[in-house]
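# Provide a 3D model corresponding to the input given below.
(2 chains)
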Amino acid sequence: MISVRSVLFVALDILREALARRWVLALGVALTLIHLGIGLGLRLDLVNGALAATRLFGQSLDTDLRSADSVLRQVIEAATYTVYYAGLAFGVLACSDFGPELLAPGRIEHLLSLPIRRIELLCGTFLGVLGLCIAGTTYGAGGFFLILGAKSSVWSWRPFCAVYLAGVAFFAIYACMLCAAVFVRSAAASAAAGGAIFFLGILAKQRDEIAALFEAGPSRSLFSTLSAPLPRVAELADLAAAIAVGEPVSGALARLMFGTLAFGLAALGVAAWRFEGKDF
Amino acid sequence: MALRRERLLRNVGYLLGALALLGLAAFLMREPEAPRLQRKALEFPRYPRSHEIERRETRKTLALPAPRPNDGGATAEPAEAEAPRPLADPVLVALASPDDMAFVLEAGALKDSPLGRMLLACQSPEALAEIERFEQRSGFRPLEQLERIGMTTHDGQPVMVLSGDFSSFDPSFSAPGQAVTNVGNARVLDSEGASIAVWKGQMLVIGEPSGVHSAIDRLEGASPATASFQSDEAYGEMYGSLSGESLSRLLPEDLRDQLWGAADRVLLHVDATDDLLLVADVSGRDAAKLADLSRAVAGALSLGRLGAVREDDQLLADLLDESRVIPSEGSFQLEVALPLSSVERQLGECAKAAR
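Here you go, the predicted model:
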């Protein structure tokens, strides 16, 4: 049985380690500066609930007069896509060395000497990085949507919830990154694996169109079989945007979410198999 | 040895689990339907489409009287007298009353649109029976023979102009004892409060007697037509023009005062080929008053939408959702959209089957 306490202990250790790093501080400062910039530079003139003028750093952005929440829907949609994709890209780059660091000579031996099982160590690292990603998303997206709500008096919980779909996509991506790190102890290899899944996950939206380029037969069947379990990064982004602006979403939401999580767990399973069998 | 075997078995378990999860992921993400049910971009009626230009040209069948030599104060050149007589759409000529309001509903086109099909499918049996009785009495089948319904005013009294195939229409069907007189190409039935005229078997004019006779005079070339709107402004499934003064009478009190004196003319176009899309061009001479008016209209729409959402009035909320005001030099455009799905939801099952 996996001990939840041991997993949380490792996850907290990862968070502590991240906080001690300069880039986390830099990320926090950068996000705060972006929030301050938007907060001070964005001016929305509202007349009876209609957006009469929008100025960003004194520059007029829109001349149409329409309901404030209609205009903000477009802003929220764009912000959701930005937070989603930028967050994933940043996560791939920034979290690529946690896995290799875990396996660094000296550290891994020390960790294995503790009363913690290997699978708990792996899961703890995974959860710690995921927690870091969710904390960053909460601060970045939450701050932005709070400022927008305060400026426009249009409040909605939807965009805030929608960006957490990026967490679902990152679950699958980081599982592959960790798996790659267990096979090859290299931050570059880990980032490359994450980047590849990120990219393939975007391409997976066009899976049918790409499959049609293959000649009908074994090659097309092979492509279809291999690409079927890929996490649908782009489609989750579309769902996040739809949720954020209050559009009706199709029944695909649950299937894509659980499918992506299953892919991530499969990658973790492969990582666990390799990690358990590895001699240190 | 046993430890090694247990470790191997556990490891194989991880791999088998991973394979099963990959299969599950592939199963769950197999051909997912489009995750986002996006609304398509709305194309508001801002200019005539090719079929509407074609329709407009084919409708120009009425030769207007040639310009008189002293028209415009200039001395007529001999060549001018031989100039071809300009052609006009007889319905627009009949509607060109000196009053400041005219509307046209393209009933034939609307009937074949999704909205028209829904509305017809949702008629009650009583209403359908009433139409059938009317057909039997008048000899006119509105659902097949009616093309356009126009409305204008003459000295403030409404006058309706209907176009289509009225060759079989009997104007005396409502008052069998009364005589029908011929005025030019029109057969006219005059009664005390209202007149009915059938012009050339292609147009029916109903209204207060002076309004009906004035329309006939314009069609016969006896009096000049002062068009409320140009023929190139006649596009969409509904279009019309009215003065700011006329419109202000129709609006709520808080907007009425602001409209008064700000808008000289309001031109309306409605496209009903799919979603119901309305564009209103509001023009005026006082730029400051017009800007105030545009902000007031945008605010009213926004407050209306918020109110509709609060009161759970889905139809109104949908209507106002895509509404916006586009200010420009000397005018502003108001765009309002009502998704067909909202109409369908409001009408119920009968509309769903007809769509």
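
# C-alpha from now on. contacts and neighbour counts both.
Noted.

# what about the longest helix in the chain?
The chain I'm using is chain A. Using DSSP state H, we find that the single longest helix of chain A is helix A:118-152.

# nope, chain B please
Assigned via DSSP H, chain B shows its longest helix as helix B:2-28.

# which elements pack onto that one?
Helix B:2-28 is packed against helix A:252-277, with contacts defined by 3 or more CA pairs under 8 Å, 6 or more residues apart in numbering or on different chains; DSSP states H and E.

# quick revisit: buried residues, the longest helix of chain B. List them.
Neighbour counts over helix B:2-28 (16 or more other CA atoms under 10 Å in any protein chain shown) mark B:10-11, B:14-19, B:21-26, B:28 as buried.

# got it, and stretch B:154-163?
Residues B:154, B:158, B:159, B:160, B:161, B:162, B:163 are the ones in stretch B:154-163 that count as buried (16+ other CA under 10 Å).

# and these as CSV, adding pLDDT, secondary structure and distance to chain A?
Output for these, formatted as CSV (pLDDT from 0 to 100; DSSP: H, G, I helix; E, B strand; the rest coil; distance: CA to the nearest CA, whole Å):
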residue, pLDDT, secondary structure, distance to chain A
B:154, 86, strand, 36
B:158, 88, strand, 35
B:159, 91, strand, 36
B:160, 92, strand, 35
B:161, 93, strand, 36
B:162, 93, strand, 37
B:163, 92, strand, 38
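
# get me the contact residues on the stretch 101-250 of chain A for chain B.
Counting by CA under 8 Å from any CA of the partner chain, the stretch 101-250 of chain A comes close to chain B at A:228-230, A:232, A:235-236, A:238-239, A:242, A:247-250.

# how about a cut-off of 6 Å?
A:228, A:229, A:239, A:249, A:250 (CA under 6 Å from any CA of the partner chain).

# just the pLDDT for the first one.
The per-residue pLDDT reported for residue A:228 equals 87.

# residue B:240: what secondary structure?
strand (DSSP: H, G, I helix; E, B strand; the rest coil).

# contacts only, for it.
For residue B:240, the contact set (CA atoms under 6 Å, 6 or more residues apart in numbering or on different chains) comprises B:102, B:103, B:267, B:268.

# gap between stretch A:140-152 and the chain center?
Put simply, stretch A:140-152 sits 19 Å off its chain's centre (CA atoms, centre = their mean, to the nearest Å).

# what does chain B put close to chain A?
B:11, B:14-15, B:18, B:21-22, B:25-26, B:28-29, B:32, B:35-36, B:298-299, B:302, B:324-326.

# before we move on, back to that, which strands or helices does the longest helix of chain A pack on?
With contacts taken as 3 or more CA pairs under 6 Å, 6 or more residues apart in numbering or on different chains; DSSP states H and E, helix A:118-152 sits against helix A:4-20.

# show me what the mean pLDDT comes to for the helix it packs on.
Mean predicted confidence for helix A:4-20 is 86.

# now swap in stretch B:14-23 and tell me
90.

# contacts for that stretch?
Stretch B:14-23 is contacted from outside by A:229, A:262, A:263, A:266, A:269, A:270, A:273, using CA under 6 Å, 6+ apart.

# how about the last one: what's its closest non-neighbour residue?
Yep, that's residue A:273 we're talking about. residue B:11 (4.9 Å; CA to CA, 6 or more residues apart in numbering or on different chains).

# number of nearby residues for residue B:274?
Using other CA atoms under 10 Å in any protein chain shown, residue B:274 is surrounded by 15 other residues.

# let me see the domain layout of chain B.
For chain B, automatic domain parsing gives the domain ranges B:45-62+B:85-234, B:238-271+B:276-338.

# which of the ones you listed has the lowest mean pLDDT?
Mean pLDDT values for these show the minimum at domain B:238-271+B:276-338, a mean of 79.

# so how far is it off the chain centroid?
When distances are taken as CA atoms, centre = their mean, domain B:238-271+B:276-338 is centred 15 Å away from the chain's centroid.

# restrict stretch A:201-212 to CA atoms and write it as CSV.
Extracted in CSV, the C-alpha atoms of stretch A:201-212 (Å, rounded to 0.1, in the frame of the first residue of the first chain):
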residue,chain,number,x,y,z
GLY,A,201,-1.3,16.9,-27.8
ILE,A,202,-2.0,20.0,-29.9
LEU,A,203,-1.7,18.0,-33.2
ALA,A,204,-4.0,15.3,-31.8
LYS,A,205,-6.9,17.7,-32.5
GLN,A,206,-6.2,17.2,-36.2
ARG,A,207,-5.7,13.5,-35.8
ASP,A,208,-8.4,12.5,-38.4
GLU,A,209,-7.0,15.0,-41.0
ILE,A,210,-3.5,13.7,-40.5
ALA,A,211,-4.6,10.1,-40.6
ALA,A,212,-6.2,10.8,-44.0
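
# neighbouring contacts of it?
Stretch A:201-212 is contacted from outside by A:220, A:231, A:232, A:233, A:234, using CA under 6 Å, 6+ apart.

# residues near the closest residue to the fourth one other than its chain neighbours, how many?
Read it as residue A:233. Residue nearest to residue A:233 in three dimensions, not counting chain neighbours: residue A:201, with 4.7 Å by CA to CA, 6+ apart. Residue A:201 has 25 neighbours, counted by other CA under 10 Å.

# if you count neighbours, what's buried in the helix or strand harbouring residue A:201?
If you go by DSSP states H and E, residue A:201 is part of helix A:187-203. Residues of helix A:187-203 classed as buried by neighbour count (16+ other CA under 10 Å): A:187-195, A:197-198, A:200-203.
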